[in-house]
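>>> Sequence first, then the predicted structure, then my questions.
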Amino acid sequence: MQMKMEASFGSTFPAVPQVAKAETNYKQHRRTPSSSSTLTYSARDDDDGMLPISTPRRSDSAISVRSLHSESNMSLRSTFSLHEEEEDTEPQVFAEQPSVKLCCQLCCSVFKDPVITTCGGSQPHTFCRRCALTSEKCPVDNSKLTVVVNNIAVAEQIGELFIHCKYGCRPAASGKPGAFEVDPLGCPFTIKLSTRKDHEVSCDYRPVRCPNNPNCPPLLTMNLECPHSKYGCTFIGNQDTYETHLEVCKFEGLKEFLQQTDDRFHEMQVTLAQKDQDISFLRSMLGKLSEKLDQLEKNLELKFDVLDENQSKLSEDLMEFRRDASMLNDELSHINARLNMGILGSYDPQQIFKCKGTFVGHQGPVWCLCVYSTGDLLFSGSSDKSIKVWDTCTTYKCQKTLEGHDGIVLALCIQGNKLYSGSADCTIIVWDIQTLQKVNTIRAHDNPVCTLVSSHNMLFSGSLKAIKVWDIVGTELKLKKELTGLNHWVRALVASQNHLYSGSYQTIKVRTEDIIEYSIAVTNHHIVCGTYENLIHVWDIESKEQVRTLTGHVGTVYALAVISTPDQTKVFSASYDRSLRVWSMDNMICTQTLLRHQGSVTALAVSRGRLFSGAVDSTVKVWTC
């Protein structure tokens, strides 16, 4: 560790530094005096107490960019917020060209103390603090700037940029004020901008005053200290005293041991750094595994929830299946009992009704149906306040949607070429079937219009405890009479021959004679009534006496319909239990149970041997033999 130096320190220094071994991070570096260059920095009263920090040297044509891991106590703001005079003179040469995203749009330089500002635009901008405070308008929005808060994220990015040590820079050859370039004779280190002070305070190339003569030109720190200063030697002197000191320095005889210790210590540091990296990697993996475990737990909980929902649905489906199976068993038992009693009659087992199709389009339950046989049209009223017109002959599609009611459509009736619709909005609307247009609206009742039926150019409307009789005059309805004395909502109306049958709570009125309840159908010989008690009562139309009670449904019988032929008469019943039943009126037995709806069956209509059923599942199904 010896070098040649002129006896008197002049103003010149060596052209090329002697480079120590690259793998020794803490080895002392020196230069011998030469006349090839001069120092360009004035002496500073910097702290000389820290040990020199060094990294592998660069050659004259290459720069070594290496991160110096230093636990600096300075904050980012103190790193970048320099005094005004220092900002103008402090050399700052980046090892690589910084991204334009890290440059201020006002001064076109890398951000110094970046701050977030607001202006007239919708997005905030980032500028240097001094630029933001001195500029009157934003260059983007041309509006006044207002500083909001420090941009910590950008400051951290800038702190990670590598720069050349200021003792390795010199004024640019262009002579432009404030411009600097790399000095091949200066400090070869590149450091992070956030740790520059830690390095520069102990840089071997830091100019200091001569300890022996204040009038001497500035000297480099590495030319004054003993090579063993890092071990505790406090010697400082010139070349003459340096050579004399080495003869008596107690560390000189141990330099090989100390060097080996340094090397070993460096190896341990490298190993420790590697272990730290391994620990960081393991922690990262542990974090990822924890996140994955949490995700798996959430997925498992979700699957358990889905499983519980599916199990609940399967339980409900199983209960429905058991109920349907029980209904079928009861029906089979009833048929077997009838067969054993020898009263099967003329029942033809080949006449089985099957579902031929489904009309889908309503957005709510279907409450009423009506058939216009002349044009093979089916009208359906729903909770969605609309009436849909279905083609039942050719296209089997919805021809039009009639909209005009402000409430649920509860009743439909056809007289001539007019369709009458009753609603929960208490009105009756008259529609022209040929044009499918609304032609009149009548405020019919003070309560919802539940039922409608027509006969002999008259229209009968049922509501709460009242039935109104209307004369049909063109598109007008003239109130003729109001029938009162009923005890509840009029649930059903049937006009047959010269009689009007009305069904109310536990009562049927044939003009003024009381009989029974909810839904009504009239055949050539019988009055058939559906009840709340899941029963169907059959009354003789002449004697008004009950002749049979039909059982099988397990829910309220909402609707009844009749198909009569010269050979036989069939009655169809629709129930809350989601089923339809076919009854032979010749022997009063159920010949078939139809199960296709997913909700209560609420309405029935028949036309040309076909049966139409509407339900709470918002669909209309078509049944034929």
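Yes, it's here.
>>> in the stretch 51-200 of the chain, which ranges drop under the pLDDT threshold?
Applying pLDDT under 70 to the predicted model, the residue ranges of the stretch 51-200 of the chain that meet it are 51-89, 120-122.
>>> any idea where the strands of it begin and end?
Ranges of strands in the stretch 51-200 of the chain, per DSSP state E, counting those that start in this stretch, are 114-118, 125-128, 146-150, 162-164, 169-171, 180-182, 190-192.
>>> Which among those is found nearest to Gln568?
Minimum separation from Gln568 across those (Cβ to Cβ) falls at strand 114-118, 87.8 Å. C-beta here means a position set from N, CA and C on the backbone, and glycine is covered the same way.
>>> ok, and what's touching the closest one?
Residues external to strand 114-118 that are found in contact with it (Cβ atoms under 8 Å, 6 or more residues apart in numbering): 80, 104, 124-129, 132, 138, 145-151, 154-155, 158.
>>> which among those residues end up buried?
The neighbour-count test (16 or more other Cβ atoms under 10 Å) marks 80, 104, 125-129, 132, 138, 145, 150-151, 154-155, 158 as buried among the contacts of strand 114-118.
>>> Show me what Val571 is bridged to.
Legend: beta-bridge partners of Val571 under DSSP bridges are Val562, Trp583.
>>> please begin residue numbering at 31 from this point
Noted, 31 is the first residue going forward, which turns the last one into Val601.
>>> that older thread, mind putting the strands of the stretch 81-230 of the chain in TSV, distance to Cys263 included?
As requested, the strands of the stretch 81-230 of the chain are arranged in TSV below (distance: least, Cβ to Cβ, whole Å):
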stretch	distance to Cys263
strand 144-148	44
strand 155-158	45
strand 176-180	44
strand 192-194	30
strand 199-201	30
strand 210-212	32
strand 220-222	26
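>>> Of all the residues in stretch 191-206, which ones are buried?
Buried positions in stretch 191-206, judged by neighbour count with 16+ other Cβ under 10 Å: Leu191, Phe192, Ile193, His194, Cys195, Lys196, Tyr197, Gly198, Cys199, Arg200.
>>> how about low-confidence regions in this protein?
Across the chain, the stretches falling below the confidence threshold (pLDDT under 70) are 31-119, 150-152, 240-246, 254-262, 264-270, 272-273, 283, 364, 366-380, 535-547.
>>> could you show me where the helices are in it, in order?
For the chain, helices defined by DSSP state H occupy the ranges 106-110, 114-119, 159-164, 182-189, 226-230, 269-278, 285-371.
>>> list the helices and strands the longest one packs on?
Helices and strands touching helix 285-371, as assessed by 3 or more Cβ pairs under 8 Å, 6 or more residues apart in numbering; DSSP states H and E, comprise strand 619-624.
>>> partner strands of the strand it packs on, parallel or antiparallel?
Here the strand partners of strand 619-624, with direction, are listed using DSSP bridges: strand 610-614 (antiparallel).
>>> next one: the partner strand to chain centre, how far?
The gap between where strand 610-614 is centred and where its chain is centred comes out at 50 Å by Cα atoms, centre = their mean, to the nearest Å.
>>> what's next to that strand, contact-wise?
Strand 610-614 is touched from outside by 375, 377, 383, 566, 580, 582-583, 598-605, 619-624, 627, 631, 634, 641, 643, 653, with contacts defined as Cβ under 8 Å, 6+ apart.
>>> Next: stretch 385-398.
Stretch 385-398 is contacted from outside by 408, 410-414, 416, 418, 420, 426, 428, 431, 438-442, 624, 626, 629, 632-633, 644-654, using Cβ under 8 Å, 6+ apart.
>>> Now intersect those with the strands, please.
408, 410-412, 416, 418, 420, 428, 431, 439-442, 624, 632-633, 644-645, 649-654 (DSSP state E).
>>> Met615 reaches Phe602, doesn't it?
No. At 11.1 Å, Met615 and Phe602 do not qualify as touching, with contact defined as Cβ atoms under 8 Å.
>>> Compare these two (neighbour count), which wins?
The neighbour comparison of Met615 against Phe602 (other Cβ atoms under 10 Å) goes to Phe602, with 24 against 21.
>>> List the contacts of the closest residue to the more buried one other than its chain neighbours.
In space, Phe602 comes closest to Ala591 once its chain neighbours are excluded; the distance is 4.6 Å by Cβ to Cβ, 6 or more residues apart in numbering. The neighbours of Ala591, taking Cβ under 8 Å, 6+ apart as the test, are Ala551, Val601, Phe602, Leu634, Ala635, Val636, Leu641.
>>> what's the distance between the third one and Leu432?
Meaning Phe602. Separation of Phe602 from Leu432 (Cβ to Cβ, to the nearest Å): 26 Å.
>>> returning to that earlier point: can you select the buried ones from the contacts of stretch 385-398 in PyMOL?
Only the buried members of the contacts of stretch 385-398 end up in this PyMOL selection, burial being decided by 16+ other Cβ under 10 Å:
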select buried, resi 408+410+411+412+413+414+416+418+420+428+438+439+440+441+442+624+626+632+633+644+645+646+647+648+649+650+651+652+653
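>>> hmm, back to that, okay, the helices of the chain, which one's buried deepest?
For those, ranked by mean neighbour count under the definition mean count of other Cβ atoms under 10 Å, the leader is helix 226-230 at a mean of 21.
>>> what's the spacing between it and its chain's center?
49 Å.
>>> Could I have the CA atoms of it written out in PDB?
Coordinates of the C-alpha atoms in helix 226-230 are reproduced here as PDB (Å, rounded to 0.1, in the frame of the first residue of the first chain):
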ATOM      1  CA  ARG A 226     -25.900  10.400  -2.000                       C
ATOM      2  CA  LYS A 227     -25.200  12.300   1.300                       C
ATOM      3  CA  ASP A 228     -24.200   9.100   3.100                       C
ATOM      4  CA  HIS A 229     -21.600   8.300   0.400                       C
ATOM      5  CA  GLU A 230     -20.300  11.800  -0.300                       C
END
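>>> So which other helices or strands are in contact with it?
Helices and strands touching helix 226-230, as assessed by 3+ Cβ pairs under 8 Å, 6+ apart, are absent.
>>> my guess is Cys133 contacts Gln127, does it?
No. Between Cys133 and Gln127 there is no contact under Cβ under 8 Å: 10.3 Å.
>>> so what's Phe409 up against?
Residues in contact with Phe409, defined by Cβ under 8 Å, 6+ apart, are Leu399, Cys400, Val401, Tyr402, Ile417, Lys418, Val419, Trp420, Leu442, Ile444, Leu449.
>>> Grab the nearest non-local neighbour of the second one.
Read it as Cys400. Leu442 (3.7 Å).
>>> repeat for the fifth one
Ranked by Cβ to Cβ, 6+ apart and with sequence neighbours excluded, the top spatial neighbour of Ile417 is Leu432, at 4.1 Å.
>>> what about that neighbour, distance to Ala635?
Taking Cβ to Cβ as the measure, Leu432 falls 17 Å from Ala635.
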